[in-house]
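Q: Sequence and predicted structure are below.
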Amino acid sequence: MAPDRDGDEERERPSWREIDRRRDGSRHIRPEPKPTGRRRQQEQEKVRREALKQAEALFAGKQQRPEYKKALAALESQRATPVFPEAARKFLEQFDLPEDWRGLMLFLDYPDPQVAAAALQRLAALAPNAGMVERQGLKGKLSLISLTSRFRELKTLAAALLQDL
């Protein structure tokens, strides 16, 4: 015969969660070991590289900062819209004329001929190191500018650069 267990039912049993809490944590969660040796060196190297990257961005100028890249992407999304000239003017006030290929190509559509001419000259300087696709795009844009521009000096500059490429 089984012993009488009436007393067991009245006693409150702790849940598994309570048992784990009493043990100072669950068995299913391992505490993270403190980094030692090689792992610690890797973490220190990662922190050092991040600090170096931030320092380089600080000394590289405005055009290496994240806000520049964000502003350039916003300007690119406004290309060929009525708000582009105003957005480009604000961009120029804040960051000056870009030095990269993609940014310079945007300013070939700017209504001020002096800014467009400066962008053309910078693109011509970058063209020898550019890829074939970029050069073909530039040739097409130069041909379009030389045929359709309202400004005589921009037309002649585009035609001269087209012959040099």
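A: Happy to help now that I have it.
Q: Can you identify each of the helices in this protein by residue range?
A: Per DSSP state H, the chain has helices spanning 6-10, 16-22, 38-60, 66-77, 84-95, 101-106, 113-126, 132-148, 152-164. These are given in chain order.
Q: and the ones you listed, which one's lowest on average pLDDT?
A: Mean pLDDT is lowest for helix 6-10 out of those, coming in at a mean of 60.
Q: still on that earlier bit, now the helices of the chain in TSV, with mean neighbour count?
A: (C-beta placed from N, C-alpha, C; glycine too.) Rendered in TSV, the data for those read as follows (neighbours: other Cβ atoms under 10 Å):
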stretch	mean neighbour count
helix 6-10	7
helix 16-22	11
helix 38-60	10
helix 66-77	13
helix 84-95	15
helix 101-106	18
helix 113-126	17
helix 132-148	15
helix 152-164	15
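Q: I'd like to know how far the residue lying closest to E76 once chain neighbours are set aside sits from L72.
A: By the measure of Cβ to Cβ, 6 or more residues apart in numbering, the closest residue to E76 outside its immediate chain neighbours is L106, 6.1 Å from it. To L72, L106 is 8 Å away according to Cβ to Cβ, to the nearest Å.
Q: between these two, what contacts are shared?
A: Taking Cβ atoms under 8 Å, 6 or more residues apart in numbering as the criterion, L106 and L72 both touch P98.
Q: thinking again about what came up before, you'd agree the residue nearest to E76 is up against A88?
A: Yes - at 7.2 Å, L106 and A88 qualify as touching, with contact defined as Cβ atoms under 8 Å.
Q: Between those two, which contacts overlap?
A: L75.
Q: who's in contact with L106?
A: Taking Cβ under 8 Å, 6+ apart as the definition of contact, the neighbours of L106 are L72, L75, E76, R79, A88, P98.
Q: Closest one of these to L123?
A: If you rank those by distance to L123 using Cβ to Cβ, P98 comes first, at 10.4 Å.
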